[in-house]
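Novice: Please work out how this folds:
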Amino acid sequence: MRLPLLGQARLVAGAAGGEREVRWTGVVDIPEPQTWSQPGQLLLSTGYAWPRDEAGQRDFVRALDARGVAAVALAVPQFFSEMPPAVADEAERLGLPLLEVPWEIPFARLTEETQRALLAEQHQVLERSEAIHRALTRAAVEAASLQEIASVLGRLIARDVTVESAAGQLMAASYRGDEPAAGPGAAGGAAPGAGPGAQTDEVRRSTLAAGVTPPEVMAELERRGTLARLRAGSRPLRVPAIPELGLGGRMACPIRVSGELEGFLWVIEGDAPLTELDLRAAEHAAIVLALHIAHQQTLAQLESRLGYAFLDSLLEGRLEPTPRARERARLQGFDWQRPYRVGVAALPEVPLPLSREGFLRRERLAERLRRRLADLGSGPFLSVSQNEVSLLLEEGIDPAALLGAAGDEPVALAFGRPALGVAGLRTSFQEARALLPHAAAGEVLRYERWLVPRVLMGDPDARAALAEDVIGRLRAERSGERLVATVAAWARCGFERKAAAAALGVHGNTVRYRLERVAHVLDVDLSDPEVRFRLRLASELLSLRDNP
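Specialist: Numbering: from 1, shown residues only. Here you go, the predicted model:
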């Protein structure tokens, strides 16, 4: 309507359809013109072949609307002195714009001017699209994070942009005023979403504050089938506003790596309607984001393989603690002076040999455990085999803290005792493997807590381990044999110090002093009935071993 030749035209109906996009113009003045009309067309007509009866005119307008015609321009006065009332009434109801154009304006000139404007606009869009394409392609090579890519896109299309995981966790965000340095980890610059553009959408503000999309929004998108369509497709999807939840209109574009959904790119509509250019930019940005994620995954897999090789050689006893090996382990974060437990996490419901689904479930479990270990401050040392993930856990960290990392995945966890060095960690690994068959899904077992039940079940390895756990540690001390003899006598005498002193032929204070050393070495409370039971059992096992 802003074209010079249309300055004399008059919009007589269908103003509600003012946002309809005109893609081309066409003159159709033959019987049944609706048959020859095309979507997005500005239909120019003299009205020569239009129906003259009211019912026919209404059917004619409905047919044009159904064909997707953008607008209709009627030259007046000639065959019609003005737009027929029935045509105008039906078009107003449907939101189909109707124009009255003076008869003196040639359709050829009107077509030429319209097409020239369309071509100029398309040329501008192509130029802008090419500039965006170049900038995003450069970001694919130079950007060090998802945040940088999001900032580039937000700046190019002047829109608020959010990158989220498939579960709704915030991965990156930018607003229309972002500078290249803005974002997490950047030197200076505003925090993501801190600018004025972030104030246009309540859900966006909440997501930026909490780091995750509000659950009620995800539930509503799920209910409406929006998330299902996004998960199934690869093209951008227009998401209408949900005012009652504070969600403004937006466009979502899936981010896929090797066919797997990694997340979504959200472009917030704000006050200006989303355009074809926004769609093209978002689609290209989603590819760039996928490339960046794939690159990071490749680096993570390489790092994991190095970790797998180190842990495998350590647990299999093949790692020689040479200066070079020690330095390589130190660079990976392994501390030779720190005790570690060896744990094994198993997926008991995953059948062997692994299917593709089983493989993916194991890899997801390994990645979740790696992140959890990092959160707990323990080195991310893992290895995978079949439906199991082996790992190292620093002493002092509760093994039960790893159970939540599995999410809804039914996982069984078994841990050996804390140990030092190659030989000790190999033993801890064997203990965890021996304990694993007794662990049910959702359960965490520690070897030292399961020694007594396994002893009672007749396990010879458990008998040796229990004796070593108590007696071996005492024998390693100075005058260790005397400490062992004192514990055995004290246990046999019903834990009476005077009776034990008499049995040993020593003074009562000597027994008291030795027992204090035993409590210190074993780091136990000798008044605890469970500790006394273990000491008595260990003493009996020692007696059986020494007197078969």
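Novice: how about the strands in the stretch 251-400 of the chain?
Specialist: 260-268, 340-346, 382-385, 388-394 (DSSP state E, counting those that start in this stretch).
Novice: Run me through the strand neighbours of the first one, direction for each.
Specialist: It refers to strand 260-268. strand 161-165 (antiparallel), strand 250-257 (antiparallel) (DSSP bridges).
Novice: any idea of the mean pLDDT in that strand?
Specialist: The pLDDT scores in strand 260-268 average 86.
Novice: Over to the third one?
Specialist: Throughout strand 382-385, pLDDT has a mean value of 83.
Novice: Any buried residues in that strand, and which?
Specialist: By 16 or more other C-beta atoms under 10 Å, the buried positions in strand 382-385 come out as 382-384. Using the backbone N, CA and C atoms, a C-beta is placed for each residue, glycine as well.
Novice: Now that we have these, can you turn them into JSON lines and tack on distance to Gly154?
Specialist: Shown next, in JSON lines, are these (distance: C-beta to C-beta, whole Å):
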{"residue": "Leu382", "distance to Gly154": "37"}
{"residue": "Ser383", "distance to Gly154": "41"}
{"residue": "Val384", "distance to Gly154": "39"}
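Novice: roughly how far apart are the closest residue in space to Pro380 that isn't next to it in sequence and Leu311?
Specialist: Leaving aside its sequence neighbours, Pro380 sits nearest to Arg370 (C-beta to C-beta, 6 or more residues apart in numbering; 4.5 Å). Counting by C-beta to C-beta, to the nearest Å, the gap between Arg370 and Leu311 amounts to 12 Å.
Novice: neighbour count winner among those two?
Specialist: Leu311 (24 against 20; other C-beta atoms under 10 Å).
Novice: ok, that one touching Leu393?
Specialist: No: the criterion here is C-beta atoms under 8 Å, and Leu311 misses it with Leu393 at 12.0 Å.
Novice: gap between the two ends of stretch 263-273?
Specialist: 24 Å (C-alpha to C-alpha, to the nearest Å).
Novice: any idea how far Pro254 is from Glu164?
Specialist: Taken as C-beta to C-beta, the span from Pro254 to Glu164 is 11 Å.
Novice: Can you tell me which helix or strand of the chain has the lowest average pLDDT?
Specialist: When the helices and strands of the chain are scored by mean pLDDT, DSSP states H and E, helix 451-456 comes last with a mean of 62.
Novice: so Glu220 is in which element?
Specialist: Following DSSP states H and E, one finds Glu220 within helix 215-223.
Novice: relative to strand 250-257, how tilted is that helix?
Specialist: Here helix 215-223 runs at an angle of 80 degrees relative to strand 250-257 (axes from the mean of the first three to the mean of the last three C-alpha atoms, to 10 degrees).
Novice: List the buried residues in helix 215-223.
Specialist: 217-218, 220-221.
Novice: Looking at those, which is nearest Gln34?
Specialist: Nearest to Gln34 among those: Leu221, at 37.9 Å, using C-beta to C-beta.
Novice: got a pLDDT number for the closest residue to the closest one other than its chain neighbours?
Specialist: In this structure, Leu221 finds its nearest non-sequential neighbour in Leu227, 4.9 Å apart by C-beta to C-beta, 6+ apart. Looking at Leu227, its pLDDT reads 87.
Novice: C-terminal to the strand or helix carrying Leu227, what's the next element?
Specialist: When elements are defined using DSSP H and E, Leu227 is found to belong to helix 226-232. For helix 226-232, the succeeding helix or strand toward the C-terminus, using DSSP H and E, is strand 237-239.
Novice: Helices of the stretch 251-400 of the chain, start to end?
Specialist: 276-315, 323-331, 356-376 (DSSP state H, counting those that start in this stretch).
Novice: pLDDT (mean, whole number) over the longest one?
Specialist: Read that as helix 276-315. For helix 276-315, mean pLDDT is 74.
Novice: Over to the last one?
Specialist: For helix 356-376, mean pLDDT is 83.
Novice: In a helix, Asp59, correct?
Specialist: Yes: the assignment for Asp59 by DSSP: H, G, I helix; E, B strand; the rest coil puts it in a helix.
Novice: quick revisit: which stretch among the strands paired with strand 260-268 is buried most, on average?
Specialist: Mean neighbours per residue, mean count of other C-beta atoms under 10 Å, is largest over these for strand 161-165, with a mean of 24.
Novice: what's the spacing between that strand and its chain's center?
Specialist: Relative to the centre of its chain, strand 161-165 is centred 10 Å away, using C-alpha atoms, centre = their mean, to the nearest Å.
Novice: Compute the inter-axis angle for it and helix 276-315.
Specialist: Using the same axes, to 10 degrees: strand 161-165 against helix 276-315 is 40 degrees.
Novice: ok, the most centrally placed residue in the chain - contacts?
Specialist: Closest to where the C-alpha atoms of the chain average out (C-alpha atoms, centre = their mean) is Ser165, at 4.0 Å. For Ser165, the contact set (C-beta atoms under 8 Å, 6 or more residues apart in numbering) comprises 171, 262-263.
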